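S.K.: A predicted structure for the sequence below; I have some questions about it.
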Amino acid sequence: MSTSQTPAPEQPQQQQGGPSLYTRLKDTLPAKFSPSALSLLPTNPARRAKAKRADDYPDEETDARYTTIPRPDGTGHIRVRIPKKVATPVRVEPKVWFANERTWVSYINVSILLGTLALALYNSAHDPVGRAFGIVYAVISAITLVYGWWVYQKRLTMIRRRDPGHFDQILGPVLICAALFVAVLVNFLQRVSDRARKV
């Protein structure tokens, strides 16, 4: 009848040059938290006052906001604190820059079309009325070009500053369309009245 003996756990072998790494760690780690080391720590350190946040969100525990959420097992609700707002820099995506450039190109397109119309009307007109309306269309074309450049530069500055404001322009396009509509309407009425006089 043979008896099985449990092998003893292997002990880390000590190197000939000095104590092993295991021995050194075993002797050093408890010394890090010895009573003499803990006695060196301050017993009552002074705590600084809480800094005020830029967004005026309450930092004090008494002003914290809480809400309740249902427990996973459905036995009741848990009261949890609403996390504070963290101000992070606005990330500007490349499509924002491209959208601003597309808007500027659209204003250039409209201005070139109006300028072409004004030039053709001015050169083909044989009376002062036609040439006058050619100049009017040219002025509207120049105003459209200058306004589009101003909008492009303004939005470019807002994007570089990461301004979260509104980028829409409501009054400018309406005024340009109204001026163009009035010019075309007056030109049409003038031509109708001239034809009626000839008849």
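M.R.: Sure, I can see it. Residues are numbered from 1 along each chain as shown.

S.K.: quick one: average pLDDT of stretch 84-100?
M.R.: The average pLDDT within stretch 84-100 is 78.

S.K.: Leu117: neighbour count?
M.R.: Neighbour count for Leu117, taken as other C-beta atoms under 10 Å: 18. For the C-beta atoms, the positions are set from N, CA and C on the backbone; glycine is no exception.

S.K.: and it, which of the three is it?
M.R.: Look at Leu117: counting by DSSP: H, G, I helix; E, B strand; the rest coil, its state is helix.

S.K.: got a pLDDT number for it?
M.R.: Looking at Leu117, its pLDDT stands at 90.

S.K.: Quick one: residues contacting it.
M.R.: Shown in contact with Leu117 (C-beta atoms under 8 Å, 6 or more residues apart in numbering): 137, 141.

S.K.: go with 7 Å
M.R.: Listed by C-beta atoms under 7 Å, 6 or more residues apart in numbering, the contact set of Leu117 reads Tyr137.

S.K.: Could you point out which residue ranges in the chain have low pLDDT?
M.R.: By pLDDT under 70, the weakly predicted segments of the chain are 1-64, 86-90.

S.K.: Apply 90 and report the result again.
M.R.: Applying pLDDT under 90 to the chain picks out residues 1-97, 121-133, 155, 157-173, 184, 186-199.

S.K.: ok, longest helix in it?
M.R.: In the chain, taking DSSP state H as the definition, the longest helix is helix 128-160.

S.K.: Which neighbouring elements make contact with that helix?
M.R.: Packed against helix 128-160 by the contact rule (3 or more C-beta pairs under 7 Å, 6 or more residues apart in numbering; DSSP states H and E) you find helix 94-124, helix 171-198.

S.K.: Show me which positions of the longest one end up buried.
M.R.: It stands for helix 94-124. By 16 or more other C-beta atoms under 10 Å, the buried positions in helix 94-124 come out as 100, 103-104, 107, 110-111, 114-115, 117-118, 121-122.

S.K.: sorry, back to before: what's the angle from the longest helix of the chain to helix 94-124?
M.R.: Between helix 128-160 and helix 94-124, the angle comes out at 170 degrees (axes from the mean of the first three to the mean of the last three C-alpha atoms, to 10 degrees).
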